[in-house]
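**Q** just coords:
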């Protein structure tokens, strides 16, 4: 399997696992998955209500670009990068894009 297909599969598996966790948790928010394989954008959205306030946010946003997995948004407790590592993705293939470019050199992951 080529790298891009492998990355797509792993990213979709990880986001699906978070979606299923939310469904089983009894949370008042509903999660929704959005997978765009043409543009390689993958999202886990949370939606719902808290009293009279609408809740709608991006919990995880990942994009695939230049043979890397770019984590654009991550509001998980342990970090979605940890899940990707457990699935066999190398640190050098993961970019923590939510960090400014000049600070990425201080992470354990790719800078770009």
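**A** That came through, no problem. This structure is a prediction, so every number in the text was calculated from the model and none was measured.
**Q** which strands and helices sit next to the longest strand anywhere in the chain?
**A** Looking across the chain with DSSP state E, the single longest strand is strand 53-65. If you count contacts as 3 or more Cβ pairs under 8 Å, 6 or more residues apart in numbering; DSSP states H and E, strand 53-65 packs onto helix 3-25, strand 41-50, strand 68-74. The C-beta positions use only the backbone N, C-alpha and C, and glycine is treated the same way.
**Q** ok, now how distant is residue 66 from residue 39?
**A** To residue 39, residue 66 is 14 Å away according to Cβ to Cβ, to the nearest Å.
**Q** again with residue 110
**A** From residue 110 to residue 39 the distance is 20 Å (Cβ to Cβ).
**Q** Please identify the most buried of the helices and strands packed on strand 53-65.
**A** Comparing the helices and strands packed on strand 53-65 by mean neighbour count (mean count of other Cβ atoms under 10 Å), strand 68-74 comes out on top with a mean of 20.
**Q** That one pairs with which strands, parallel or anti?
**A** When pairs are called by DSSP bridges, strand 68-74 turns out to pair with strand 53-65 (antiparallel), strand 94-96 (parallel).
**Q** in the last one, what's buried?
**A** Counting neighbours by 16 or more other Cβ atoms under 10 Å, one finds that the buried residues in strand 94-96 are 94-96.
**Q** Contacts for it next, please.
**A** 68-71, 81, 84-85, 104, 107, 109-112 (Cβ atoms under 8 Å, 6 or more residues apart in numbering).
**Q** would you turn the residues you listed into a markdown table with distance to residue 60 and pLDDT?
**A** Listed next are those as a markdown table, based on distance: Cβ to Cβ, whole Å; pLDDT from 0 to 100:
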| residue | distance to residue 60 | pLDDT |
| --- | --- | --- |
| 68 | 16 | 97 |
| 69 | 12 | 98 |
| 70 | 12 | 98 |
| 71 | 8 | 98 |
| 81 | 11 | 98 |
| 84 | 11 | 98 |
| 85 | 15 | 98 |
| 104 | 19 | 95 |
| 107 | 18 | 93 |
| 109 | 16 | 97 |
| 110 | 18 | 96 |
| 111 | 21 | 94 |
| 112 | 20 | 91 |
